[in-house]
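Enquirer: got a predicted model here, sequence first, then my questions.
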Amino acid sequence: MDWTSLIMLIQVFFGIVIGLYFWNLLKNQRTQRVSVDRESKKEMDQLQKLRSVSLNEPLAEKVRPLTFSDIIGQDEGVRSLEAALCGPNPQHVLIYGPPGVGKTAAARLIMERAKMNRDSPFKIEAPFVELDGTTARFDERGIADPLIGSVHDPIYQGAGSMGQAGIPQPKPGAITKAHGGMLFIDEIGELHPIQLNKLLKVLEDRKVFLESAYYSEENASIPSHVHDIFQNGLPADFRLIGATTRTPDEVPPAVRSRCLEVFFRPLKQKELSIVAKSAADRLKMEIQEEGLETVSSYVTNGREAVNTVQIAAGLATTAERESIDVSDIEWVVHASRLSRRPEKKIHPEPVVGRVNGLAVYGPDLGMLLEIEATAQETTGDGMLTVTGIAEEENAGNQMRSIRRKSMARSSVDNVMTVLRHLKVPVDRYDIHVNFPGGTPIDGPSAGSAIATAIYSAVNQRKVKNDVAITGELSIWGKLKPVGGVPSKVAAAEEAGVTEAFVPKENDETVLHQIQGITVKPLNTLDELFTNVLVEETDMQRQGLPITETSSPSIHM
Ligand SMILES: Nc1ncnc2c1ncn2[C@@H]1O[C@H](COP(=O)(O)OP(=O)(O)OP(=O)(O)O)[C@@H](O)[C@H]1O
């Protein structure tokens with residue numbers, strides 16, 4: 001055998017080996033493909049089977065508000081929402097309100113309302129994207145961020161053909177999906193601070209830049225659309241609707257300053273009855289007035305009202321009835337461990353030393369705050385006792401927390417000074433001020449009501465039972481403005497108050513639009529006393545010459 005034949009033989013041998021190698025590779029790939037196809041077909045069949053099964057529409061869907069008129073008690077909030085989003089220049093919006101009062105329901109309807117306006121920049125196909133701030137978790141390495149978007153780097157398994165070619169793949173987040181439309185973030189206050197800061201940047205830039213260590217401008221194998229995204233950003237021009245159960249002071253000022261703030265209020269008892277009735281109607285169930293009253297005296301928001309009716313309807317259906325009985329509802333409220341709403345109603349008659357103050361707690365929840373005072377003349381130095389409040393409280397935030405004397409306690413001390421100044425002989429009495437019921441007391445705003453209670457107790461003059469008072473007190477007896485007055489006045493009206501006295505500086509048109517109650521703005525404590533104390537009879541006047549001056553005079 002000569003050299004040429006030997007070389008040819010070697011070539012043929014290697015040719016066969018290489019051929020066999022590739023043939024084997026191809027065979028493996030084909031087998032893999034076949035098994036992947038077989039697996040995929042099995043999964044596909046399973047998916048089709050799952051899709052072919054469906055239950056009835058969930059009851060919660062059936063009772064969901066379909067129009068703005070289905071949203072009860074939030075006319076003002078809905079109006080603000082429309083003003084912010086349905087005009088030619090829509091704004092970002094933050095909706096505050098307690099849970100289950102219609103924030104999400106209203107946000108879901110607003111896009112359709114906006115599209116009805118021909119001047120609205122939202123086109124027919126404008127998207128409405130929803131995200132939940134509590135679950136929109138992100139990864140600090142930027143692997144996943146459902147809100148802002150992320151980059152699928154080649155290092156991660158499953159990066160596909162682009163990954164194998166070493167190309168980073170940008171994945172758009174909710175802000176890009178909402179481009180040209182609205183992005184609704186429920187519980188926006190629960191977003192991670194880093195996500196919030198990134199969101200703020202997007203609101204400014206109206207686009208988002210994604211980053212990846214795998215991206216290089218010089219890399220010619222990267223497709224042009226990926227270059228474009230890394231160099232020019234992904235579009236993210238949308239209007240934000242954030243909803244939160246937090247109070248405004250718990251939301252970062254940077255977010256608040258970019259948004260129009262809209263407030264949804266807690267629902268009143270009669271409004272909860274309407275929500276419950278409409279849920280029963282949608283479920284095609286009868287419900288009597290007594291049943292509605294039971295629902296509304298236990299639930300605190302629209303969602304609870306709807307849920308209670310749904311479960312009660314389930315009980316009725318199981319018993320083959322077409323009407324919900326009171327006993328069904330009673331069973332549900334007890335099984336759900338709901339407790340009856342504390343009914344804050346005014347006292348039936350005027351009493352000495354008993355005043356209706358007004359408090360606000362949570363986001364926009366007003367309530368009647370009972371204040372009681374007694375005064376016992378003493379021969380020694382008068383003592384002051386304050387009960388029903390915390391003596392000390394924590395203030396500040398995580399960065400700086402301080403312990404201080406309770407604001408309510410300080411407020412009582414302040415009142416004592418004002419009354420001394422008015423020549424009310426408070427030091428000749430043992431005075432006891434009580435805040436019954438463990439109500440949260442937001443400190444200074446109860447000042448004028450506390451002063452009235454003490455003055456009434458010292459002078460034995462009854463305080464009208466159908467009036468309520470709010471207002472901080474300056475050390476000279478001037479009424480100073482306080483927060484949350486509209487919700488306080490609304491709560492007063494619900495409790496049966498006919499006249500509410502507020503500081504003049506708090507006088508707003510909105511207060512006078514609350515039905516069933518008269519709002520009187522006042523400047524000074526002596527004006528307040530004149531209005532809220534029951535007229536003395538001649539006999540009383542003769543018997544009780546308590547103050548050193550017949551009529552208090554205020555010095556500013
Ligand atoms: N004001 C209302 N009028 C009519 N139905 C209401 C109202 N508020 C709540 N509901 C009922 O409760 C359900 C839940 O309300 P929604 O999700 O809008 O509350 P939310 O304020 O967004 O609460 P959360 O802060 O817990 O998300 C609604 O689908 C509706 O059936």
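Expert: Noted; the coordinates are in hand. What you see is a predicted model; the values in this text were computed from it and never measured. Numbers count the residues shown, from 1 in each chain.
Enquirer: can you show me the helices along the stretch 251-400 of the chain?
Expert: 253-256, 269-282, 289-298, 302-318, 326-335 (DSSP state H, counting those that start in this stretch).
Enquirer: can you list the weak-confidence ranges in the stretch 451-556 of the chain?
Expert: 537-556 (pLDDT under 70).
Enquirer: list, one by one, the residues from the protein near the ligand.
Expert: For the chain, the residues in contact with the ligand (Cβ under 6 Å from any ligand atom) are 63-65, 70-74, 97, 99-105, 186, 243, 245, 267, 275, 302-303, 306. C-beta: built from backbone N, CA, C; applies to glycine.
Enquirer: select the longest helix from this structure.
Expert: Ranked by number of residues, the top helix in the chain under DSSP state H is helix 3-52.
Enquirer: report the buried residues of the next helix or strand after that one.
Expert: Toward the C-terminus, helix 3-52 is succeeded by helix 59-62 as the next helix or strand (DSSP states H and E). Neighbour-count burial for helix 59-62, counted by 16 or more other Cβ atoms under 10 Å, picks out residue 59.
Enquirer: what packs against helix 59-62?
Expert: Packing contacts for helix 59-62, counted by 3 or more Cβ pairs under 8 Å, 6 or more residues apart in numbering; DSSP states H and E, involve helix 302-318.
Enquirer: setting aside sequence neighbours, what's the nearest residue to the residue of the stretch 301-450 of the chain at minimum distance from the ligand?
Expert: Proximity of the stretch 301-450 of the chain to the ligand (Cβ to the nearest ligand atom) peaks at residue 302, 2.4 Å away. Ranked by Cβ to Cβ, 6 or more residues apart in numbering and with sequence neighbours excluded, the top spatial neighbour of residue 302 is residue 275, at 4.7 Å.
Enquirer: okay, domains of this structure per the record?
Expert: 75-153+168-211+226-263, 269-335, 351-393+402-543 (automatic domain parsing).
Enquirer: quickly find the element holding residue 194.
Expert: Using DSSP H and E, residue 194 sits in helix 193-205.
Enquirer: and for that helix, what's in contact with it?
Expert: 92, 136, 138, 140, 145, 147-148, 175, 188, 191, 208, 233, 236, 240, 252, 254-255, 258 (Cβ atoms under 8 Å, 6 or more residues apart in numbering).
Enquirer: got the buried residues for it?
Expert: By neighbour count on 16+ other Cβ under 10 Å, the buried set for helix 193-205 is 195-196, 198-199, 202-203.
Enquirer: let me have these in TSV, extended by distance to residue 227 and pLDDT.
Expert: Formatted as TSV, those follow (distance: Cβ to Cβ, whole Å; pLDDT from 0 to 100):
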residue	distance to residue 227	pLDDT
195	27	89
196	30	90
198	23	91
199	26	94
202	21	94
203	26	93
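Enquirer: roughly how far does the most centrally placed residue in the chain sit from residue 56?
Expert: Centroid-nearest residue in the chain: residue 245, 2.0 Å away (criterion: Cα atoms, centre = their mean). From residue 245 across to residue 56, the span is 31 Å (Cβ to Cβ, to the nearest Å).
Enquirer: could you do residue 114 as well?
Expert: From residue 114 to residue 56 the distance is 32 Å (Cβ to Cβ).
Enquirer: who has more neighbours, the two?
Expert: residue 114 (23 against 7; other Cβ atoms under 10 Å).
Enquirer: before we move on, the earlier item: can you get me a residue count around the residue nearest to residue 302?
Expert: 30.
Enquirer: from memory it sits against residue 70, does it?
Expert: No. Using Cβ atoms under 8 Å, residue 275 is not in contact with residue 70; the gap is 9.1 Å.
Enquirer: identify the contacts common to these two.
Expert: In contact with both residue 275 and residue 70: no residue, using Cβ under 8 Å, 6+ apart.
Enquirer: picking that back up, drop anything exposed from the residues of the chain next to the ligand.
Expert: 63-65, 71-74, 97, 100-105, 186, 243, 245, 267, 275, 302-303, 306.
Enquirer: now, which of those lie within helices?
Expert: Using DSSP H, those in helices are 103-105, 275, 302-303, 306.
Enquirer: any stretches of the protein with poor pLDDT?
Expert: Judged by pLDDT under 70, the chain has its weakly predicted residues at 1, 142, 157-159, 342-343, 361-365, 390-406, 438-443, 537-556.
Enquirer: sweet, I'm off.
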